[in-house]
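Novice: Structure for the following, please:
(one chain, ligands or ions: 1)
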Amino acid sequence: MKESIVVMGGGVVGLSCAFELQRRGHQVTVLEINRCGGQASGAAAGMLAPYSENVEGPDAFFQLCLESLRLYPEWQQNVKQASGQTFEYTNSGSLYIAYHEADLLALEGRLLWQGQYGSSGKIIEGDALFRLEPNLSRNVRAALHTPEESHVYAPHYVRALEQACRLMGVTIHENLDKLTIVEWQREILIQSTDQRMFSGDQLVVCSGAWAQELSDTFGIRIPVYPIRGQICAYEVDEKPVHHMVFGNQGYLVAKENSTLVCGASEDVAGFDTSVTDKGIERLRKWNKQAFPFLEDRTPFHRWAGLRPSTQDGLPLIGALSGSSRVVFAVGHYRNGILLSPATAMLAADCIEGKNTAAYNQAFSPERFGR
Ligand SMILES: Cc1cc2nc3c(=O)[nH]c(=O)nc-3n(C[C@H](O)[C@H](O)[C@H](O)COP(=O)(O)OP(=O)(O)OC[C@H]3O[C@@H](n4cnc5c(N)ncnc54)[C@H](O)[C@@H]3O)c2cc1C
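Specialist: Residues are numbered from 1 along each chain as shown. I've put the predicted structure just below:
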């Protein structure tokens, strides 16, 4: 049966869930207290990098990240088609650089298990490395080259998702200020501060770093916390960096619009999204070390966003037990852009009561207790 579904939150996760649910024939309403894409999603560097972001091993999180990367080619086409808008999607591959032997050993260890999960990665050293990335510092000893990783221009991707939703018939309400969930067990009733009431059969909670506010409403612990990411961009003439370049203290990614994006700090600053000189200076130090041509350059743009991190580092994706009326999709921390297609599929399957057993335990929204 096709349902009417309310999505709380208009970031990349909420808009992706809305897009997928509307595509499946449901009637979706998105409620956003601010502006769609105005928080973490609009601030992201847009890297789709499951291998570089997961260094420990092939756990459920890595599996979901990988699944999402593989969904991207078709997913981004669908978003472009449905929105009539375009956005950058570049299969640049990545280089994870090492300055010392010890760092290289860690990369070799990672390659051992990632090779079994679709990576055609290789360790590249010496001249071969500098042919791939000519402007890289000659102090770099080696790099793990992973050709499968790509990136999108996040602000344009999110804008296209929003437009796709609107054109497909999703109703989007923005600037709602504050929302109160009045009822969620028998039906969904949500009230805004201007006394408007929104109703539906089911609810998908996609409120990012703000999800913890709903603990009392649902009677469960929702340990989601904001981690500020400060990030900056240089203006560049032609693409001086060809891959996404990762190191232990940062990353650089060149975009089609002649910018070189460099991120990102990880600070605990509550819900403060201001940018500090200290935060950006630390990034610049790392950039110059990796790419000496940046020595005399100053970033022309600096910004920050709040990543929704969780107590155990895993997102909360799934239905509340005993009811598929409320589904959570929050806590994507550093990988919400990457995870948007797979999260949308998983959340939509939960709404439709389909089997999502592979991820139920790892991502259960109730795993932190009552
Ligand atoms: C600097 C930086 C760089 C990043 N780089 C990458 C990257 O390269 N690749 C990647 O995959 N990820 C990256 N991320 C992470 C990614 O941006 C996040 O994981 C993702 O945006 C989370 O999406 P979201 O929709 O859950 O959250 P958000 O985009 O924060 O959206 C949540 C929305 O919910 C709204 N909201 C809050 N409370 C309520 C409520 N009660 N009712 C209704 N609406 C509400 C908010 O206003 C907000 O618009 C980066 C993040 C930062 C900060």
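Novice: what about residue 339, distance to residue 306?
Specialist: For residue 339, the distance to residue 306 (CB to CB, to the nearest Å) stands at 17 Å. In short, each C-beta sits where N, CA and C put it, glycine included.
Novice: neighbour count winner among these two?
Specialist: residue 339 (28 against 21; other CB atoms under 10 Å).
Novice: Beyond the helix or strand encompassing the more buried one, next helix or strand please.
Specialist: Assigned by DSSP states H and E, residue 339 belongs to helix 336-351. Toward the C-terminus, helix 336-351 is succeeded by helix 357-363 as the next helix or strand (DSSP H and E).
Novice: before we move on, the earlier item: quick one: distance of the helix holding residue 339 to the chain centre.
Specialist: 11 Å (CA atoms, centre = their mean, to the nearest Å).
Novice: Stretch 115-122 too?
Specialist: 22 Å.
Novice: CA atoms of that stretch as CSV?
Specialist: Taking C-alpha atoms only, stretch 115-122 is exported to CSV below (Å, rounded to 0.1, in the frame of the first residue of the first chain):
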residue,chain,number,x,y,z
GLY,A,115,41.8,-5.9,-2.3
GLN,A,116,39.2,-8.6,-1.4
TYR,A,117,36.4,-6.0,-1.5
GLY,A,118,36.7,-4.6,-5.0
SER,A,119,39.7,-2.2,-4.7
SER,A,120,42.2,-2.4,-7.5
GLY,A,121,44.5,-0.3,-5.3
LYS,A,122,48.2,-0.3,-5.5
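Novice: in it, what's buried?
Specialist: Residues of stretch 115-122 classed as buried: 119, 121 (neighbour count, 16 or more other CB atoms under 10 Å).
Novice: Let's test this: mean pLDDT of it, rounded?
Specialist: Mean pLDDT, stretch 115-122: 96.
Novice: and for it, what are the contacting residues?
Specialist: Contact with stretch 115-122 is made by 51, 58, 62, 66, 111, 114, 144-148, as judged by CB atoms under 8 Å, 6 or more residues apart in numbering.
Novice: What is the neighbour count of the residue of the stretch 251-370 of the chain found nearest the ligand?
Specialist: Closest approach of the stretch 251-370 of the chain to the ligand (CB to the nearest ligand atom) occurs at residue 336, with a separation of 2.3 Å. As a burial measure, residue 336 scores 25 neighbours (other CB under 10 Å).
Novice: give me the element residue 322 is part of.
Specialist: Counting by DSSP H and E, residue 322 is part of no helix or strand.
Novice: What parts of the stretch 51-200 of the chain come near the ligand?
Specialist: Residues of the stretch 51-200 of the chain found near the ligand (CB under 6 Å from any ligand atom) are residue 179.
Novice: and the lowest-mean-pLDDT helix or strand in the chain with the ligand, contact?
Specialist: One helix or strand of the chain scores below all others by mean pLDDT, DSSP states H and E: helix 357-363, with a mean of 90. No - for helix 357-363, no contact with the ligand is found by CB under 6 Å from any ligand atom; the gap never falls below 13.6 Å.
Novice: Just put the contacts of stretch 115-122 in JSON lines and tack on neighbour count and distance to residue 101.
Specialist: What follows is those, written out as JSON lines (neighbours: other CB atoms under 10 Å; distance: CB to CB, whole Å):
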{"residue": "51", "neighbour count": "24", "distance to residue 101": "21"}
{"residue": "58", "neighbour count": "13", "distance to residue 101": "26"}
{"residue": "62", "neighbour count": "19", "distance to residue 101": "26"}
{"residue": "66", "neighbour count": "21", "distance to residue 101": "29"}
{"residue": "111", "neighbour count": "18", "distance to residue 101": "15"}
{"residue": "114", "neighbour count": "25", "distance to residue 101": "20"}
{"residue": "144", "neighbour count": "25", "distance to residue 101": "14"}
{"residue": "145", "neighbour count": "22", "distance to residue 101": "18"}
{"residue": "146", "neighbour count": "24", "distance to residue 101": "20"}
{"residue": "147", "neighbour count": "14", "distance to residue 101": "24"}
{"residue": "148", "neighbour count": "19", "distance to residue 101": "26"}
